[in-house]
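Undergrad: The sequence and its predicted three-dimensional model are supplied below.
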Amino acid sequence: MNLDVPAGTRLAVIGPNGAGKSTLLRTLCGLESPAGGHVMVGDHDLARLPARRRARAIAVVTQDEHPSAELTVAEAVGLGRTPYRSSWATTSSDDAAAVEEALSTVGLAGWQRRSCTRLSGGERHRVVLARALAQRTPIIVLDEPTNHLDAAWRLRLMQVLDELDATVVAAMHDLDLVLRHFDAVAVVADGGIVAQGPPLEVLTPDLLASVFDVTGSIVPHPETGRPHLLLNSPNTSELPTLNLEEVP
Ligand SMILES: Nc1ncnc2c1ncn2[C@@H]1O[C@H](COP(=O)(O)OP(=O)(O)OP(=O)(O)O)[C@@H](O)[C@H]1O
């Protein structure tokens, strides 16, 4: 089984809980070794790339990652600059500029001196995303990047990824965002990739029913006309309804 991600494109990895999305992503960025086969970055086998070159090629945000509590926001985001520093070097003006730009991208401009202990869940997540952006790699791998983000920031993050000059691979649960913001989708289920291709071609009613046990319809947005995916449980009428008068 092959999974190709052309440079500069965005691939969403989707599948039910426990299907293996995080495992696939961890393998793609070298945090785990593949049981068989190779991960190639351009012409290079990832397993043979020295750590520093790997870190200059791929930025990773794993699931539910937290910035270390002892760090300030600037220090946590500045970790993304580690692959460009020699061990004795102090922060360069390039590093400071990359940190400032990344923080501004995630809506935290001016937060450099704040302690990471004094952040909300969504703010912590945006700091971790900023660290990956500050790494300025040609490839960015994100495991459920919309976790902890409010409605506005979910959409804003998708816009950031749309505008990013990088190859993006992200595990996603929100299939409507996948339809609207990704060039391709790989569906993980039954221990492998069961489908891959453009989201409009892959997210068919049959696939949604067989992989996720949901019904789905693609409808145009009433104002923009752009396609959106509406999901429903096939057994909605059988779900219990909550009668508030019966709650003690
Ligand atoms: N460290 C681990 N050791 C052993 N098994 C693991 C480990 N991490 C995950 N698994 C198992 O591997 C399988 C795939 O897990 P993975 O985290 O890749 O799924 P996922 O598709 O990302 O799930 P989710 O949508 O719930 O995040 C699951 O059955 C899980 O229980």
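TA: Everything's here; your move.
Undergrad: Now do the helix or strand containing residue 157, average pLDDT.
TA: Element membership for residue 157 (DSSP states H and E) is helix 151-163. In this model, helix 151-163 has a mean pLDDT of 96.
Undergrad: Show me what it is packed up against.
TA: Judged by 3 or more C-beta pairs under 8 Å, 6 or more residues apart in numbering; DSSP states H and E, helix 151-163 is in contact with helix 121-134, helix 175-181. Where C-beta positions appear, they are placed from N, C-alpha and C, glycine not excepted.
Undergrad: and the first one, what's its mean pLDDT?
TA: Across helix 121-134, the average pLDDT comes to 96.
Undergrad: buried sites along it?
TA: 123-134 (16 or more other C-beta atoms under 10 Å).
Undergrad: show me where pLDDT drops low in this protein?
TA: 87-90, 235-244, 246-248 (pLDDT under 70).
Undergrad: rerun at 90
TA: Residue ranges of the chain with pLDDT under 90: 1-2, 34-36, 63-66, 69, 82, 84-95, 190-191, 232-248.
Undergrad: Can you tell me which residues in this protein are near the ligand?
TA: By C-beta under 6 Å from any ligand atom, the part of the chain that sits against the ligand consists of 15, 17-23.
Undergrad: which of those residues are buried?
TA: For those, a burial check counting by 16+ other C-beta under 10 Å picks out 15, 19-22.
Undergrad: Any chance of CSV for those, columns secondary structure?
TA: What follows is these, written out as CSV (DSSP: H, G, I helix; E, B strand; the rest coil):
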residue, secondary structure
15, coil
19, coil
20, coil
21, helix
22, helix
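Undergrad: which of those lies closest to residue 78?
TA: When these are compared for distance to residue 78 (C-beta to C-beta), residue 22 wins out at 26.0 Å.
Undergrad: any idea how far stretch 21-36 is from the chain center?
TA: Put simply, stretch 21-36 sits 15 Å off its chain's centre (C-alpha atoms, centre = their mean, to the nearest Å).
Undergrad: repeat for stretch 163-172
TA: 7 Å.
Undergrad: Likewise for stretch 143-150?
TA: Offset of stretch 143-150 from its chain centre (C-alpha atoms, centre = their mean): 8 Å.
Undergrad: follow-up on the earlier one: Serialize the helices and strands packed on helix 151-163 to TSV and add fields for distance to residue 157.
TA: TSV is the format used below for the helices and strands packed on helix 151-163 (distance: least, C-beta to C-beta, whole Å):
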stretch	distance to residue 157
helix 121-134	7
helix 175-181	9
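Undergrad: show me the contacts for the most centrally placed residue in the chain.
TA: Residue closest to the average C-alpha location in the chain (C-alpha atoms, centre = their mean): residue 142, at 2.9 Å. Residues near residue 142 by C-beta atoms under 8 Å, 6 or more residues apart in numbering: 60-61, 129, 132, 168-171.
Undergrad: likewise residue 144?
TA: Contact analysis of residue 144 by C-beta under 8 Å, 6+ apart lists 63, 170-173.
Undergrad: picking up where we left off before, C-terminal to the helix holding residue 157, what's the next element?
TA: Downstream of helix 151-163, the next assigned helix or strand under DSSP H and E is strand 167-171.
Undergrad: Tell me where the protein has strands.
TA: Along the chain, counting by DSSP state E, strands occupy 10-14, 40-41, 44-45, 58-61, 139-143, 167-171, 184-189, 192-197, 215-220, 227-232.
Undergrad: Find me whatever residue is spatially closest to residue 70, sequence neighbours aside.
TA: Using C-beta to C-beta, 6 or more residues apart in numbering and skipping residues adjacent in sequence, the residue nearest residue 70 is residue 116, 7.7 Å away.
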